[in-house]
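Engineer: Quick one: sequence plus predicted model below, questions after.
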Amino acid sequence: MADTRWRLLVTEPLDGATNMALDEAILQARLQEIAPPTLRFFSWDPPTVSLGYGQRLDGIDVEACRRLGVGLVRRPTGGSAIYHDTLEREVTYSVVARAGDFEGSEDLLETYRWIGAGLTTGLRRLGVQAEMVSVRPSDPSTMPAFCFARTGSYEVEVDGKKLVGSAQRRQSGAFLQHGSVLLGADVPRLRLLFPQEGDPLAGMTTLEETLGRCPTFDEVAEALAAGLRETHGFDLRPGGLTRDEEALMDRLIREKYDTDAWTNNAQIVTDLSSIAPAR
């Protein structure tokens, strides 16, 4: 039987290392069944480029990141890089669940479809004529540096343009999925950070462009949460992190996400795969 009670987290703007450590801590807690399946909405301070797990730094102007005060972090999830702007221009989401939390949760493509269906319903609540489209994934050998320039198995689009970029990691029957919904876009900055991509808006769109106005972070997060709840009928309740999750998050920041070894080469020195009980 599926676990229908979910935790909703809406967190304050955080730096890249903290955001990624927090989501991995939730994943580890769900693996050990000491935390519920979780939907989180969050933003970034400072603005940050997140690299996909295993992605090379080629195609990203690291010096431009430093010059502009843009953070750089490597995600635990796959895909290509994303520029995460402030909460005025982006809502980032994460979903953590394990096999049995909903029908099909053990299958990669089904989880993309399940989440995409809920996001599409939420966007329609805002008046966006969003559609979930099954598309052919990008060829990994020619994958572009910028996430919104690549395609995945299920895309949320408006008039054929990508609105939501998502990536996933699966571990021992559980998964973490990240995604970004663009409220607006700083095009000149995107061109500086991804100089090899040409026109960064060629295949993507934003809510500002679609609606003719820029909705707020809170408005979009509330609509997306309502869309997922409406589509799948689960019990979604606001909650906070456990002490165990907070302890692992702090350790992951220090020993993984805030280190050059991880950011530059996806290497970690110590085993961070389990939670030590808080005392």
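Structural biologist: On my side now, so go ahead. These numbers were taken from a predicted model, which means no experiment stands behind them.
Engineer: neighbours around the closest residue to residue 51 other than its chain neighbours, how many?
Structural biologist: Leaving aside its sequence neighbours, residue 51 sits nearest to residue 74 (Cβ to Cβ, 6 or more residues apart in numbering; 4.5 Å). (Each C-beta comes from the backbone N, C-alpha and C, glycine too.) By other Cβ atoms under 10 Å, the residues close to residue 74 number 25.
Engineer: How about the one 5 residues further on?
Structural biologist: Number of residues near residue 79 (other Cβ under 10 Å) recorded here: 24.
Engineer: Buried ones in stretch 165-183, by neighbour count?
Structural biologist: 165-170, 174-183 (16 or more other Cβ atoms under 10 Å).
Engineer: Please name every helix or strand in contact with the helix or strand in which residue 165 is found.
Structural biologist: Taking DSSP states H and E as the criterion, residue 165 maps to strand 161-171. In terms of contacts (3 or more Cβ pairs under 8 Å, 6 or more residues apart in numbering; DSSP states H and E), strand 161-171 is packed against helix 16-31, helix 108-125, strand 154-158, strand 174-182.
Engineer: was I right about residue 231 contacting residue 118?
Structural biologist: Yes - look at residue 231 against residue 118 with Cβ atoms under 8 Å: they come within range, at 4.3 Å.
Engineer: How about residue 166: what's its closest non-neighbour residue?
Structural biologist: Excluding the flanking residues, the one nearest residue 166 by Cβ to Cβ, 6+ apart is residue 179, at 3.7 Å.
Engineer: close enough to count as contact, the one you found and residue 165?
Structural biologist: Yes - using Cβ under 8 Å, residue 179 is in contact with residue 165, at 6.3 Å.
Engineer: ok, the residue nearest to residue 166 - contacts?
Structural biologist: Residues near residue 179 by Cβ atoms under 8 Å, 6 or more residues apart in numbering: 92, 93, 94, 115, 119, 164, 165, 166, 167.
Engineer: ok, now which ones touch the fifth one?
Structural biologist: Same thing as residue 119. Residue 119 makes contact with 93, 130, 132, 156, 164, 179, 181, 224, 227, 228, according to Cβ under 8 Å, 6+ apart.
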